[in-house]
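[1] sequence and computational prediction follow.
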Amino acid sequence: MMLDFRGIRVFLGYILLIVVAEVLTSFVNPSYGLVLHSLILLSLLVVSSVTYVEGSVSGFYLSLSLAPLIRIISLSMPLANFPRYAWYIIVNVPVLVATLAMMRVQGIGLKDAGVKFGKPREVAWIALTGIPLGFIDYLILRPESIATGLSLSGVLLLALGLGLSTGFVEELVFRGLMQPIAVEIFGERRGLVGVAAVFASLHIGWLSLLDLVFVFSIGLFYGFIALKKGNIIGVTISHGITNVVLFMVAPTINLI
Amino acid sequence: MISTVTTTITVATLSAGATLGAMSTVLLIFLLALKELVSADSRKALVAFGRTLTIGILPLLISFTFIVSFKVLEVL
């Protein structure tokens, strides 16, 4: 079901609200951001319920509610009690639970969300894009290694945890759930760009305009691959590898 | 970093963790109360709303469990 012009404006309005909430969180006061994100979440849940008779439209607003929910959860978790390397994993566990709950409510299976195993060569080629992307992102952000002082087994566990938590959870949310419904109701181009914009807006907190442009481009790239292949495994691994290279490999070898 | 857990978020949770935790707990209580209220009605839109509230309640419950566990450990 394609939405009319008004529906697209509502989508744009929500993207703008999420951007404002992220700006408040990052530049003004995180508490204000948390309040606005909570209001956006409630509003999306209400709109989704009101439009429950229009299946995919309701499903879209429901999937969009994961965006403010991601931020609410990441702000409310007591990260100070955990070592830095565990933060990404700790935050993404409740996000995964919310995502699975949403899939259950909507009757969406993992296969429907593009979690399909097969075509290993194709998946491997897509996954390998994570290596150059990780190095490019390192040139932009120049972070310190989060693996300093860890044993080899610790480093491997961290790489696996970081890859799975950031790669799988975020790709499942944005490319697996949000994008297919957005494309169905807004069309390919608008759906792709809209979801990439939502994805990029949640990266405002890295305080780098260049990184924001980079993440938006990555969102478009991953979105295009997921759309054409109907599978998110390749982009999930690529996403995970990008973060592992950025935070563990590039700062350690320090070649660039 | 292609992660929604950004630098400012981690800085915020480290510096104002208690305030943000309390605010999210208030949101959790609000959602739980709302779920109780709408579950008393059988209109389809409200039944659907009750189901969608679970999506917000579950992760906030996990977050709340973490917060309470660490507070208890601090006291002990």
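    Received it, and whenever you're ready, just let me know what you need. Since the structure is predicted, the reported quantities are computational estimates derived from the model, not experimental observations.
[2] doesn't A:I237 make contact with A:A127?
    Yes. Taking contacts as CB atoms under 8 Å, A:A127 lies within contact range of A:I237: 3.7 Å. For every residue, glycine as well, the C-beta is placed using N, CA and C.
[3] which residues of chain B score low on pLDDT?
    Scanning chain B for pLDDT under 70 picks out B:1-2, B:6-8, B:13.
[4] all strands for it, in order.
    Assigned by DSSP state E, chain B shows no strands.
[5] pick out the residue closest to the middle of it.
    B:L60 (2.5 Å; CA atoms, centre = their mean).
[6] residues in contact with the residue lying closest to that one once chain neighbours are set aside?
    Ranked by CB to CB, 6 or more residues apart in numbering or on different chains and with sequence neighbours excluded, the top spatial neighbour of B:L60 is B:L28, at 4.1 Å. The contact partners of B:L28, by CB atoms under 8 Å, 6 or more residues apart in numbering or on different chains, come to B:57, B:60-61, B:63-64.
[7] which members of those residues occur in helices, if any?
    B:57, B:60-61, B:63-64 (DSSP state H).
[8] which one of the residues you listed is nearest to chain A?
    B:S63 (4.6 Å; CB to the nearest CB).
[9] what's the distance between the nearest residue to that closest one once chain neighbours are set aside and A:G149?
    Excluding the flanking residues, the one nearest B:S63 by CB to CB, 6+ apart is A:S76, at 4.6 Å. A:S76 is 28 Å from A:G149, where distance means CB to CB, to the nearest Å.
[10] just A:D211 next, same as before
    A:D211 is 26 Å from A:G149, by CB to CB.
[11] which one's more surrounded, those two?
    A:D211 (19 against 9; other CB atoms under 10 Å in any protein chain shown).
[12] now name the helix or strand holding that one.
    In the assignment (DSSP states H and E), A:D211 maps to helix A:209-229.
[13] alpha carbons only: can I get that helix in CSV?
    The C-alpha trace of helix A:209-229 is given here as CSV (Å, rounded to 0.1, in the frame of the first residue of the first chain):
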residue,chain,number,x,y,z
LEU,A,209,29.7,16.0,10.3
LEU,A,210,32.0,14.0,8.1
ASP,A,211,31.1,10.8,10.0
LEU,A,212,27.4,11.6,9.7
VAL,A,213,27.8,11.9,5.9
PHE,A,214,29.8,8.6,5.9
VAL,A,215,27.2,6.8,8.0
PHE,A,216,24.3,8.1,5.8
SER,A,217,26.2,6.8,2.7
ILE,A,218,26.8,3.4,4.4
GLY,A,219,23.1,3.3,5.3
LEU,A,220,22.3,3.8,1.6
PHE,A,221,24.9,1.2,0.5
TYR,A,222,23.7,-1.4,3.0
GLY,A,223,20.1,-0.6,2.3
PHE,A,224,20.6,-1.0,-1.5
ILE,A,225,22.4,-4.4,-1.0
ALA,A,226,19.7,-5.6,1.4
LEU,A,227,17.0,-4.5,-1.0
LYS,A,228,18.4,-6.1,-4.0
LYS,A,229,19.6,-9.3,-2.4
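[14] is that helix positioned near chain B?
    Yes. Helix A:209-229 is in contact with chain B by CB under 8 Å from any CB of the partner chain, via A:211, A:215, A:218.
[15] mind giving me the packing neighbours of that helix?
    helix A:120-128, helix A:130-141, helix A:179-186, helix A:188-201, helix A:233-244 (3 or more CB pairs under 8 Å, 6 or more residues apart in numbering or on different chains; DSSP states H and E).
[16] what packs against the longest one?
    So the one you mean is helix A:188-201. helix A:5-23, helix A:179-186, helix A:209-229.
[17] now the angle from the longest one to helix A:179-186?
    When axes from the mean of the first three to the mean of the last three CA atoms, to 10 degrees is applied, the directions of helix A:209-229 and helix A:179-186 differ by 80 degrees.
[18] for the stretch 151-256 of chain A, which residue gets nearest to chain B?
    For the stretch 151-256 of chain A, CB to the nearest CB, closest residue to chain B: A:G205, 2.9 Å.
[19] and the pLDDT at that residue?
    Per-residue pLDDT puts A:G205 at 89.
[20] give me the element the spatially most central residue of chain A is part of.
    In chain A, the centroid-proximal residue (CA atoms, centre = their mean) is A:E170; its distance is 3.4 Å. Per DSSP H and E, A:E170 falls inside helix A:169-171.
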